[in-house]
Structures are given as structure tokens and as C-alpha cells.
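1. Need the 3D shape of this:
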Amino acid sequence: MKKVMALLMVSMLLLGACSSGSSNSTEPEGNSDSNEITVWAWDPNFNIKAIELAKEAYAAENPDVNVKIIENAQDDIVQKLNTSLSSGTTKGLPNIVLIEDYRAQSFLQAYPDMFHPLTGTYKTEDFVPYKVEATSVNDENYGLPFDSGVTGLYVRTDYLAEAGYTVEDLQNIDWKEYIEIGKKVKEATGKRLLTLDPNELGIIHTMIQSAGEWYVEEDGTTPYIADNEALKKSFEIYKELVENDLMNFHSDWNQFLATFNGGEVATVTTGNWITPSIKAESSQSGKWAVVPHPTLPGIESVNASNLGGASWYVLNVPGKENAVDFLTKTFGSNVDLYQKLVTEIGVIGTYTPATEGEAYQTTDEFFGGQSIVSDFSKWAEEIPQVNYGMHTYAIESILIVAMQNYLNGQDLDQVLKDAQQQAEIQIK
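-> Predicted coordinates for the structure are as follows:
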């Protein structure tokens, strides 16, 4: 009898050991509470606040659904997703996650079964085309577009005036014209044109996308560096800015803010998300305007581009139906929500029906009475579609070194050929 009992105890322990391995299970665990939707996002003053406004709007008709918002740093979200999805476990993952557009393809293509398709759940034609492209793989849509990183050229109108220029002189210019204006502004005011971090190539992002090109070919995988005319032209413009001493360099975000808030540069060229930071220096009210992003000279290019931006994704875990319902009834169709996003946070979304709303037409006295939200929304619709692919940051790391080699005197064609070879080896 004792032997039988011992065998039964061993069997029970073995069964218990097997069942306790759920943390490594490939079966979706997700959210067991059917009335709770969990969301991961970063930035409490922007993305988190936006999802809180969406939560309020959704609760008006769905009071029984609890939207649980968890703040994580963007790098932490990337790490947690990669760790969980690569191991095949979904335990602890959210129903909805915010992913930067430059990173989205790396997740969608590496873990195709882990994201719930959104094709047909909302009207993609109601969103600006370049954002729909960034959230899709093989004509299947996986993301609901959120904020636009539409770029603008923020300019100090008082510095321009000292050099004999008006805002009209900077409408729809190219980078060569921008540099010539910068030379005269520096001569008249002593101020450099712009400030950049040499360890980032955001300005190159904006230049090449304005020409409808990226670091990879249309397949999103093959490096496109050596024969990329837009990239070559961008390198040349960058070097010209440096050689004419028109570029100030900073090493972190705080220095970036201090440079333009302190009046040390005449312009800022970046995504519209910088607007609140520019307005933070109230003493400069009325001294700024925003004009369209410059084009690349000598090649086909438009006065519109993008830097940054993110979209919402639904993970393929229990609760995905509620998650889809939440997204489509808020960011996917709620015009009133988008008015609040503009007025309360400064979010310029990519939902085009919302642009007819009153908030989008509001003038801003800080920018001399300009309707900057309306202007940014118009430019967003002109941004060329590109496939960001899976390797934006890996290739950028290579190009940062390549840029320094070029600035140090190496032949540009050879620099780009070397970068092409290195990229082909690194991202196999």
C-alpha cells in the first residue's frame, strides 16, 4: 500500500511540474479578464495622455470595460516584446502596444503570428498613406496609425528679418537655397542655422524620405546605400552645412532644447512634436514661424517629410476583439477625440476626417498667428510612402561612422560602397 501511495505522489508531482511550465508555453495567455484591456506606451505627457483621453471617450459608451494603461520607456517595450515573442510566450504581454514606425516592420516580419491583423476593421483610406504603408506587410494591415512625425522647418522670423528675409522667402525651398539663406543669416546675426546630434541621423531620414527613398530597397530588407542618389545627395548637403559652419552640435536632448530656447540657432528642422518644446520659451512668442521642409536639389523630391511617429498594434492574445473595438472606436474614427488630442496635448494625428475640425484651424499667436496644425496636416498628406523595413537603426549605426569618414576626407562613393558591404554582411 505504501508503494502504491508513493507512486501516486510521484505522479502528482510530475503532473504539477509539467503544468507549472506555462511561463514558457507558446499558447497565448493574454488578459484573462474579458472586460479589461491592457495598453503599453511611453511618454506620460504625450502618448500616455493620448490613450487616457481615448479611454475617457470609450468609457462613455462602454463603462464596463476597464482600460489599464501601463507606462514603460520605449526601449523597455522593445526589449520586453523581443524577449517574450522570441521565446514564444505571451504571458504578461498587453492587448495593445505602441510601436515606433521605424521599428514596426522588424516586429511584424519577425513575429507574424503574434500580431492580430486589423485589415477591414477601420477605413485605411481615412489615414494619410505613408502611415498605412508603415503599418502593413504584404497588403495586410496590422496597425492603427497614431501620431504623425510630419516635419517642418521652424524659423526665427526676427533673425531672418535682420538678414533681409521674410517667411515667404523660405516657402518651398531646397536645401541649397536654405544653406545660402543660412550664410547670410549667420553673417547678419552671428547665429548658426541649426543644431544636430552627430550620433543621430534624423536629418538624413527626413532628406531621403522627401525623395521617396530609404536605407533599404522596396522589399524592406536589401540594403540600399551605394547607389542611393537621395542618400548621396543628403550626405553632400550635411557636409556643406558643416563646412560652412552653419551647424551647431549637441550631445543630448537637454542641450538640444537649450540651444534653440537660448536663441543660439536660427532654425530647427524636425518633427512637429518639437512644437511644445519651442513654445516653452515664452519670451520668444511671435518670433517663430513654420515653413515646409526643404527638398533635395537636383532629384525628385517634395517639400514634406517625416521624423518619428508611432502606431497602435493589437497582440494576438485573448482579449484581442475588445482591443480592436477600443482602437477602432477611438483613434480609428472619433473626430471629437482628435480635436482634444490637438488642443490638450498637441498631437497631430493622421486621421484625415479630423482635419476639418475647429481645433485644426486654430491660429497660434506664438507663431505669429499661423495655423500651424492645419499646415502640418496638409504637409502630412504629401509625405512619400517608403518601406522602413526591419533594419533602420542597424544601418544607421553603420552610416554614422560612414558620415564621419566622409567628413574626414574620404571619397563619398567609396564610403557608401563600404557601408553597403558592411550592411549586407551585418543584416544577413
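
2. Count the residues that sit near the closest residue to Glu71 other than its chain neighbours.
-> Leaving out its chain neighbours, the residue that sits closest to Glu71 by C-beta to C-beta, 6 or more residues apart in numbering is Ile48, at 5.4 Å. For every residue, glycine as well, the C-beta is placed using N, CA and C. Counted with other C-beta atoms under 10 Å, the neighbours of Ile48 add up to 18.

3. For Ile48, give me its contacts.
-> Going by C-beta atoms under 8 Å, 6 or more residues apart in numbering, Ile48 touches 41-42, 69, 71.

4. Just flag the most distant two among those residues.
-> Greatest spatial distance among the contacts of Ile48 (C-beta to C-beta): Trp42 and Ile69, at 11.2 Å.

5. Gly346 and Ile278 touch, don't they?
-> No. Look at Gly346 against Ile278 with C-beta atoms under 8 Å: they stay out of range, at 10.8 Å.

6. Using the three-state scheme, assign the residue nearest to Glu71.
-> What DSSP: H, G, I helix; E, B strand; the rest coil gives for Ile48 is helix.

7. pLDDT wise, what is it at?
-> pLDDT, Ile48: 97.

8. measure it to Ala41 for me?
-> Separation of Ile48 from Ala41 (C-beta to C-beta, to the nearest Å): 6 Å.

9. Identify the contacts common to those two.
-> Taking C-beta under 8 Å, 6+ apart as the criterion, Ile48 and Ala41 both touch 69, 71.

10. returning to that earlier point: show me how to select, in PyMOL, the buried members of the contacts of Ile48.
-> PyMOL command restricting those to the buried ones, with burial defined by 16 or more other C-beta atoms under 10 Å:
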select buried, resi 41+42+69
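
11. Tell me which of the contacts of Ile48 fall in strands.
-> 41, 69, 71 (DSSP state E).

12. which residues touch the first one?
-> Translated: Ala41. So Ala41 contacts 47-48, 51, 69-72, 77, 97-98 (C-beta under 8 Å, 6+ apart).

13. Now a PyMOL select for only the buried ones of these.
-> Buried residues within the contacts of Ala41, by 16+ other C-beta under 10 Å, are selected in PyMOL with:
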select buried, resi 47+48+51+69+72+77+97+98
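
14. Could you pull out the helices in the stretch 201-350 of the chain for me?
-> 202-210, 229-243, 253-261, 275-279, 320-329, 335-340 (DSSP state H, counting those that start in this stretch).

15. Turn those into a markdown table, including mean pLDDT and mean neighbour count.
-> Listed next are the helices of the stretch 201-350 of the chain as a markdown table, based on pLDDT from 0 to 100; neighbours: other C-beta atoms under 10 Å:
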| stretch | mean pLDDT | mean neighbour count |
| --- | --- | --- |
| helix 202-210 | 98 | 24 |
| helix 229-243 | 98 | 19 |
| helix 253-261 | 96 | 16 |
| helix 275-279 | 94 | 17 |
| helix 320-329 | 97 | 20 |
| helix 335-340 | 97 | 18 |
